[in-house]
Each structure stands twice: as structure tokens, then as C-alpha cells.
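J.: pasting the structure only:
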């Protein structure tokens, strides 16, 4: 079965640069979630989208922005990168946003800021 | 805003049942309890979820207390590959699209 696809899997950027992560949800899934997991930490919810509109916002820094496109894929844009942004970024998707539906996670994108 | 409390670590003998508790005393009537696990920096893997009734699937069973303030995930016959961090998550928000991980339980299955 198709899973959530994230790209790139690994990314190295310098401080103050910009990075963009992409997420392709499972076909027919209309809700996308983004998470950040720092070294030794638990995943932190950043933001979610339902039907191309922002649904909920977590601890996403102001330097980060995200959107969901007409084909339901999503992109997380991170600007003015800091060393502390080095983390594993997960995208997840579900069909029909709402409390009873299963959320499936991708394998993550590793961002290293040097 | 995790809304759940779990023991930080547990051990379980291989082949025995692993019972992982979770406290979610502030859960609201329409909030579901989800369980995921994460094996060393891989994507979190869905295990099971429920609202008020006990649930079972091919991976595990979920027992939710009648007052819904706590639940237990049961892995009936733990294997070494079940060693992972297990997260109990209450899905919150009017949209249900705020999905917060807590600190999880690090389960080690011992040969």
C-alpha cells in the first residue's frame, strides 16, 4: 500500500539559509500534519492542513511556513535557519480530518544545519 | 499540551504480554485515544485507537476504563522487534487535527 512520501530524506543547510521539505500524502488523504523531532526528543506538532486550508497550529516558529496545494501535497518552508532547527521532520496524513481517523506518518526528512 | 501521562520506561520478557498504561484524566467525551510506537528515529507507526470501547487488532488490544481516564495497551506476546517508544495520544481540538505526542514509554523486550 502507498505510504506518506517525504523528500528529501536528508538535507544539509548552512545557518541563515532556507530549506523546503515536501510531503506527498497517501492517495485520497486530505489532511496533512507536520512534526519536528529534535535529538532525543519527542515529536512536536507544528501545523496541520485540511482541504488545503490551515487547520491547526502548534509550536511552529514564525520563521517557518507551510501550505497544502491543490493536489494535496504539502511543503514546509524554513527560513533563516538556526542550528537548533537541526531535527527530523515528519509529515503525516489522514483521510477526512477529524478525531476518529487514523493518521499515517512518513519516514521523515533529516535536516542538518551547520 | 499532551494531556497524557505514561511511565518513562518498562521491561518485558520476550513471549510475555506487555501492558503499557496511560493516564488521560482530562479527556473529553469526544476525544479518541491513539497509540503509536517509534522505533529509533523511524516514522511513528500506528498501533490502535479507541473512543470508549475496548479494541483489538492484529497488533494489540486497547483497554479503556469505563470513566475513560486511563487506558492500557496490551501486546499479547512481545518480541524483540517490539522494543520501541510507545506513545499514548489524545486527539484534541474541534477539528481533531491537533495531534500531540507526550513523553512516551520506552519498552525494552528482554530475551
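T.: Thanks, I have the structure now. In this text the structure is predicted, and so the values were computed from the model without any measurement.
J.: neighbours around the closest residue to residue A:18 other than its chain neighbours, how many?
T.: Nearest residue to residue A:18 in three dimensions, chain neighbours excluded: residue A:79, at 4.7 Å (C-beta to C-beta, 6 or more residues apart in numbering or on different chains). For glycine as for every other residue, the C-beta is placed from the backbone atoms N, C-alpha and C. Neighbourhood size, residue A:79 [other C-beta atoms under 10 Å in any protein chain shown]: 14.
J.: What pLDDT is listed against residue A:79?
T.: Looking at residue A:79, its pLDDT is 97.
J.: Then residue B:103?
T.: If you check residue B:103, the pLDDT there is 88.
J.: what helix or strand is it on?
T.: Using DSSP states H and E, residue B:103 maps to neither a helix nor a strand.
J.: Contacts only, for residue B:101.
T.: Residue B:101 sits next to A:35, A:42-45, B:2, B:36, B:44, B:87, B:89 when contact means C-beta atoms under 8 Å, 6 or more residues apart in numbering or on different chains.
J.: Out of these, which sit inside strands?
T.: Counted as lying in strands by DSSP state E, out of the contacts of residue B:101, are A:35, A:44-45, B:36, B:87, B:89.
J.: What ranges does chain A have for its helices?
T.: Counting by DSSP state H, chain A has no helices at all.
J.: center of it, which residue is that?
T.: Centroid-nearest residue in chain A: residue A:34, 3.2 Å away (criterion: C-alpha atoms, centre = their mean).
J.: what about the nearest residue to that one once chain neighbours are set aside, how many neighbours?
T.: Spatially, and ignoring its direct neighbours in sequence, residue A:34 is nearest to residue A:46 (4.3 Å; C-beta to C-beta, 6+ apart). Residues near residue A:46, counting by other C-beta under 10 Å, number 21.
J.: Residue B:7 touches residue B:21, doesn't it?
T.: Yes. Counting by C-beta atoms under 8 Å, residue B:21 is a contact partner of residue B:7 at 6.8 Å.
J.: Roughly how far does the nearest residue to residue A:30 once chain neighbours are set aside sit from residue B:80?
T.: Distances taken as C-beta to C-beta, 6+ apart put residue A:51 closest to residue A:30, at 5.3 Å, once the chain neighbours are dropped. Residue A:51 is 42 Å from residue B:80, where distance means C-beta to C-beta, to the nearest Å.
J.: Just the buried residues out of the ones in strands among the contacts of residue B:101, in PyMOL syntax.
T.: Here is the PyMOL command that selects only those of the ones in strands among the contacts of residue B:101 that count as buried (16 or more other C-beta atoms under 10 Å in any protein chain shown):
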select buried, (chain A and resi 35+44+45) or (chain B and resi 36+87+89)
